[in-house]
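Trainee: When you get a sec, could you give me coordinates for this:
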Amino acid sequence: MFIRFLVPLALSGFAYSQTYSYIQDPGIPIMGPQVVRVYRDGSKELIEQTMPAGVMGREKEYHGRTFYDFQAHKLYVQVLSDPGAPCGLQTLAETTAPSMLDPVGAGADLLKELVGKGTITPVGTETMNGIPTKVMMLTASDGNGKVWLAQNGGYPVRIDSIDKDGKASTMLEVKQLSLARPTGNFFTPPGNCVAAVQSGPPPKPSTNVTAITLQPIPKYKGACPARVKLTGTITVDGPGKVFYQFGAGNMEPGETLTFDAAGTKTVSHVMTFQPKYGNDMGGSAILEAIGIDDAGHHDLAMKGSNNSDFTVTCTSGGGK
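Mentor: Presented below is the predicted three-dimensional model:
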């Protein structure tokens, strides 16, 4: 099951200097299995994600890179598996990468995200993938689990969920951790992103998005793959066109909506999830939108809705 536990530990955060690299395999699967490679050097971090074809309706392998420059407050996004996709650049307010993508650098935050009513019991120590860890058993009304926490740093090296029959499934595992400075050209902003920023001011939208909401998502329990409907509203201050997209872990393809006047419209989208049979999948969904100009162009800083948590339980079918 997707683990949500109360973790009453005095975590010190990652105690080393912020220089490391590792492979996370598997990564916590919101949109299917993935391998995550992380490279960190001081204020710069590169996260590379690979997700196979044939999962969640994906026609081909997804391969993307996200480059964080925390000091410059910039975020660069590249989809390497689609050479025609433009490189995106956004203003970055956060000082750490998302905890589910970087449990080493944001281990305490990840454990907080898995919070729920439960208890945690130390059961010993173990060296996991060369990392000395403290082993913890987790017990809660909505599922049990096991966590290996690094003795130096307090970040999760591995997280297992345990179903009602006692079967364990690994949800996250840190492998090949190195504290040496990563070697390679990982921390240079992509050239086409820089060129796009220097080409001129952002497009002027025909209308402005003033409010955006996402409705609560009912819990799904049934045959998988699960098709879950997401519904939200978009409000604008005048006539024009809006680009919007739903996402849960990864953003879905975007669509365009036309307003004849200021007001609010309802939009919806069906997403497909396929967790392993016997496991629960959980996560948060979001709706993002922004006004576009007459040519369909828009700035990269989209307005986001509230997050809506969801869970998917397969009673039959599901992934292997």
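Trainee: And the helices in this protein, which stretches?
Mentor: Under the criterion DSSP state H, the chain contains helices at 107-113, 191-198.
Trainee: Pick out the shakiest of those, pLDDT-wise.
Mentor: In terms of average pLDDT, helix 191-198 trails the rest of the helices of the chain, at a mean of 60.
Trainee: Sketch out the strands for the stretch 51-200 of the chain, chain order is fine.
Mentor: For the stretch 51-200 of the chain, applying DSSP state E, counting those that start in this stretch gives strands covering 62-69, 74-79, 88-91, 118-128, 131-140, 144-150, 156-162, 168-178.
Trainee: So for the last one, what gets flagged as buried?
Mentor: It stands for strand 168-178. Judged by neighbour count (16 or more other C-beta atoms under 10 Å), strand 168-178 contains these buried residues: 169, 171-174, 177. The C-beta positions use only the backbone N, C-alpha and C, and glycine is treated the same way.
Trainee: want to throw those into JSON lines with pLDDT and distance to Leu80?
Mentor: JSON lines is the format used below for these (pLDDT from 0 to 100; distance: C-beta to C-beta, whole Å):
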{"residue": "Ser169", "pLDDT": "82", "distance to Leu80": "29"}
{"residue": "Met171", "pLDDT": "82", "distance to Leu80": "25"}
{"residue": "Leu172", "pLDDT": "87", "distance to Leu80": "23"}
{"residue": "Glu173", "pLDDT": "92", "distance to Leu80": "24"}
{"residue": "Val174", "pLDDT": "93", "distance to Leu80": "23"}
{"residue": "Leu177", "pLDDT": "92", "distance to Leu80": "24"}
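Trainee: looking at the strands of the stretch 51-200 of the chain, which is closest to Met271?
Mentor: Smallest distance to Met271 across the strands of the stretch 51-200 of the chain (C-beta to C-beta): 15.3 Å, for strand 62-69.
Trainee: who does that closest one pair up with?
Mentor: The pairing partners recorded for strand 62-69 under DSSP bridges are strand 44-51 (antiparallel), strand 74-79 (antiparallel).
Trainee: what does that strand contact?
Mentor: Here strand 62-69 makes contact (C-beta atoms under 8 Å, 6 or more residues apart in numbering) with 43-51, 75-81, 92, 97, 101, 187, 189-190, 250.
Trainee: Check those residues for burial and list the buried ones.
Mentor: 44-51, 75-79, 92, 97, 101, 187, 189-190.
Trainee: where does the stretch 101-250 of the chain have low pLDDT?
Mentor: Low-confidence regions of the stretch 101-250 of the chain, defined here as pLDDT under 70, cover residues 112-118, 141-142, 192, 194-203, 249-250.
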